[in-house]
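1. need a structure here:
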Amino acid sequence: MNRKNNNQNPWLFIPASDYEAHMGSNGVGQLSVLNSIFKDVLQDIQPRCMAVLGCGTGNGFEHINPQITQKVLGIDINPKYLKILHKRHGDRFPGLELACSDLYIITYPDHSFNLIHAALVFEYVDIEKMLNKVSRWLTKGGVLSVVLQLPNPKLEMISKTRYTSLKSLESIMHLVDPIAFNEAAERYGLYKSKETEIPLKSGKKFLLSYYRSSS
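-> The predicted structure is shown next:
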């Protein structure tokens, strides 16, 4: 397991139990939605080699078919999350590789993946830097699947629950303008091929988009 991280990142101090309980709570209801989205992405793309950015504890990994997907790279900054992921899913995937790393630091050979999945990740990173990196990782015709949380001025970015450790993310979370994201993606040879708005019970919305690599 490759281990490189920034000791000041709030994600390092949020217990997995808090994260899963917060995301799965009635007032948030995002865990099951993200699980369903990941399942649909896998069915659509049927990737041979894939990477999951900010993979956490592996929500949705049970839908990966090792008969279809020969290699899975899961990247997360929190080593405890990755330990849980490996315990839950490691035995099923001989091609599972987990990297404990800051996304800015990790390197990987160009053209390694025909699917890169990033759900609620671009809210925490520099879009330009990350698109530059993942566009090089994709094979020609490969897909970057992105889940963004759409802005809603009437609702807090991070919903209030009793799991207060999640509030620390407010210092690094920035909602992404989909139009600006599309323009940035095109600068790196990634062109939108699908877009779907997904409403949540909380009143928030996710935007699922596929971007295909042209090079």
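2. C-alpha only now, for contacts and for neighbours.
-> OK.
3. now residue 70: how far from residue 40?
-> Note on residue 70: its distance to residue 40, by CA to CA, to the nearest Å, is 18 Å.
4. between these two, which one's more packed in?
-> residue 70 (16 against 13; other CA atoms under 10 Å).
5. what's the longest strand in the protein?
-> For the chain, the strand that runs over the most residues, judged by DSSP state E, is strand 138-149.
6. what lines up beside that one in the sheet?
-> strand 113-119 (parallel), strand 205-213 (antiparallel) (DSSP bridges).
7. For this structure, give me the ranges with low pLDDT.
-> Across the chain, residues meeting the criterion (pLDDT under 70) sit at 1-7.
8. So which elements touch the lengthiest helix in the chain?
-> Ranked by residue count, the top helix of the chain under DSSP state H comes out as helix 31-45. Here helix 31-45 touches helix 16-24, going by 3 or more CA pairs under 8 Å, 6 or more residues apart in numbering; DSSP states H and E.
9. list the buried ones in the helix it packs on?
-> For helix 16-24, a neighbour-count test (16 or more other CA atoms under 10 Å) marks 16, 18, 19, 20, 21, 22, 23 as buried.
10. before we move on, back to that, ok, and what's touching the longest strand of the chain?
-> Strand 138-149 has contacts (CA atoms under 8 Å, 6 or more residues apart in numbering) with 41, 45, 110-123, 134, 175-176, 178, 204-215.
11. Please apply the same query to stretch 191-200.
-> With contact meaning CA under 8 Å, 6+ apart, stretch 191-200 is reached by 29-30, 33, 182, 185, 205-214.
12. where's that stretch relative to the chain centroid, distance-wise?
-> 15 Å (CA atoms, centre = their mean, to the nearest Å).
13. Make 10 the starting number, not 1.
-> Sounds good: first residue 10 from here, last item stretch 200-209.
14. Counting neighbours, show which residues of that stretch come out buried.
-> Judged by neighbour count (16+ other CA under 10 Å), stretch 200-209 contains these buried residues: 200, 201.
15. how much space is there between residue 25 and residue 145?
-> Counting by CA to CA - residue 25 and residue 145 are separated by 31 Å.
16. Quick check: the two most widely separated of the contacts of stretch 200-209?
-> 38 and 223 (35.2 Å; CA to CA).
17. Off-centre distance for the host helix or strand of residue 106?
-> Assessed by DSSP states H and E, residue 106 sits inside strand 105-110. Relative to its chain's centre, strand 105-110 lies at 14 Å (CA atoms, centre = their mean).
18. Counting by contacts, list what that strand packs against.
-> Packing contacts for strand 105-110, counted by 3+ CA pairs under 8 Å, 6+ apart, involve strand 11-13, strand 80-85, helix 88-98.
19. Let me see the contact set for residue 55.
-> Contacts of residue 55 by CA under 8 Å, 6+ apart are 77, 78.
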